[in-house]
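Undergrad: sequence and predicted model, in that order:
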Amino acid sequence: MKFLVTLLLFQCFILNGYAQEASLRGQITDIHNIPLQGVLVNVGGQYSAISDAQGKYTVNDITLGKYEVRFSMMGFLAQVTTLACNAEQPYTLNMQMEEDVALLEAITIEEASEAEEKRASGYNVTVLETSAQKSLPLDLNQVIQNTPGVNIREAGGLGSGFSLSLNGLAGNQIRYFIDGVPMENFGSALTLNNFPINLVDGIEIYKGVVPVWLGADALGGAVNILTGYRQQTFLDASYTFGSFNTHRASINGQYANTEKGYFFKISSFFNHSDNNYLMRGVPLFDLELGNSLGNIDIRRFNDQYTSGLVAVEGGVFDKKYADEWTVKLTWAGNRNNYQHPDNNILRPFGAFHTRNTSLLASTAYKKSFKKLTLNAYLLGGSVRESVVDTSTRKYNWSGDFIVRSEDDP
């Protein structure tokens, strides 16, 4: 008898619990009665559903009671209402949602910049934008060396030789360009450790495959310097002074008429350093007899470096016949004194030096035709490199000298 009573009570409990559940359904549209898919319907924070492609939704197994129903979707104002579930039955609640105008106004769609498009291309390229470094006393090497995969070794101070490697490849496997024009035609006065950063708009570093428009047989990669600023009027000047009597100055200015589509630009820089840093324990020899006088600590006295550049450029942009067409005249020169041979400090030099003078004329043309882009340049000029090693003087590390005899090598 007790077993039958217990079983009866259990069945009543199940039936009573089943009777306490309801459901909610409906359709969600916008103010134009267009069904909205993906609207989240939340009932009292306990039950939820998402509207389908027809804007319809169903929430099942809702315990009887009074609930707050919230409809929400990105781009639309949230709607909140109340629902009282008093009986076991399906309840219907349709909702019309209004667009969130304030949120839509906050969304801005911007075209990708030229640098972002190059980063997204199929090439392994790093694009360095230099706007943040223009007020700093840096040359291009100091900016590039912080790029992953790039290693730069410099042999000494300002004007010294350097070796740049991309992912382990260096030398002739790496090519250098200024606005797509090979720098190998510019002479030794124009190198990465000469260029101040405020003359440069950006730097493209290609690792491995190089775009065909650069037109070079670079197996290891390429560095392309962009001087830019075709449609801005500006004037920028800088001067820095540092150790070893180092002076670096530059002036870069441009006038651009965006209505008529032409510009005129002048760029210049000047670099000088005595590079008279201290040498410790260098051997000192008697100039007459060649006897060793021991080792001394002495500053370098024939390691000065001086370089400079003046470039005048003009052209047109945004024309029917050309996106950009420029003509440029460039003068550059340097003098580099050598204290001793690269692989031997036993024999100091007191007058040995090299000189470079480059006078260049160039024109560049660019035009895009839908999916085809035409890039062309023409470069001509005179580049003179000279080595002066005919001094009649023989020096030692103390700076003393004698006039060498005719049979002294």
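TA: Cool, got the structure. Numbers count the residues shown, from 1 in each chain.

Undergrad: how many neighbouring residues does the nearest residue in space to G149 that is not next to it in sequence have?
TA: Leaving aside its sequence neighbours, G149 sits nearest to N167 (CB to CB, 6 or more residues apart in numbering; 4.9 Å). The way it works is simple: take the backbone N, C-alpha and C, and place the C-beta from them, glycine included. Counted with other CB atoms under 10 Å, residues neighbouring N167 total 14.

Undergrad: I'd like the average pLDDT over the one helix or strand F270 maps to.
TA: In this assignment (DSSP states H and E), F270 forms part of strand 262-273. Strand 262-273 shows a mean pLDDT of 93 in the predicted model.

Undergrad: which strands or helices does it pack on?
TA: Packing partners of strand 262-273 (3 or more CB pairs under 8 Å, 6 or more residues apart in numbering; DSSP states H and E): strand 246-257, strand 305-317.

Undergrad: JSON lines for those strands, including mean neighbour count and distance to T191?
TA: Written out in JSON lines, the entries for those read as follows (neighbours: other CB atoms under 10 Å; distance: least, CB to CB, whole Å):
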{"stretch": "strand 246-257", "mean neighbour count": "17", "distance to T191": "14"}
{"stretch": "strand 305-317", "mean neighbour count": "19", "distance to T191": "9"}
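
Undergrad: and those as JSON lines, adding mean pLDDT and distance to V43?
TA: Below are these laid out as JSON lines (pLDDT from 0 to 100; distance: least, CB to CB, whole Å):
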{"stretch": "strand 246-257", "mean pLDDT": "91", "distance to V43": "62"}
{"stretch": "strand 305-317", "mean pLDDT": "93", "distance to V43": "61"}
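
Undergrad: need those strands in CSV (columns: distance to F285).
TA: Listed next are those as CSV, based on distance: least, CB to CB, whole Å:
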stretch, distance to F285
strand 246-257, 30
strand 305-317, 26
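
Undergrad: and the helices in the chain, which stretches?
TA: 2-18, 101-106, 114-119, 140-144 (DSSP state H).

Undergrad: contacts only, for V387.
TA: By CB atoms under 8 Å, 6 or more residues apart in numbering, the contact set of V387 is T354.

Undergrad: still on that earlier bit, buried stuff in the strand holding F270?
TA: Judged by neighbour count (16 or more other CB atoms under 10 Å), strand 262-273 contains these buried residues: Y262, F263, K265, S267, S268, F269, F270, N271, H272, S273.

Undergrad: tell me the angle of it relative to strand 246-257?
TA: 180 degrees (axes from the mean of the first three to the mean of the last three CA atoms, to 10 degrees).

Undergrad: residue ranges in the chain under the pLDDT threshold?
TA: Applying pLDDT under 70 to the chain flags the ranges 1-20, 102-122, 215, 228-230, 406-409.

Undergrad: for the most centrally placed residue in it, give the beta-bridge partners.
TA: The residue lying closest to the centre of the chain (CA atoms, centre = their mean) is L128, at 1.6 Å. On the basis of DSSP bridges, L128 is bridged to I203.

Undergrad: what about it, distance to N224?
TA: Distance of L128 to N224, given as CB to CB, to the nearest Å: 11 Å.
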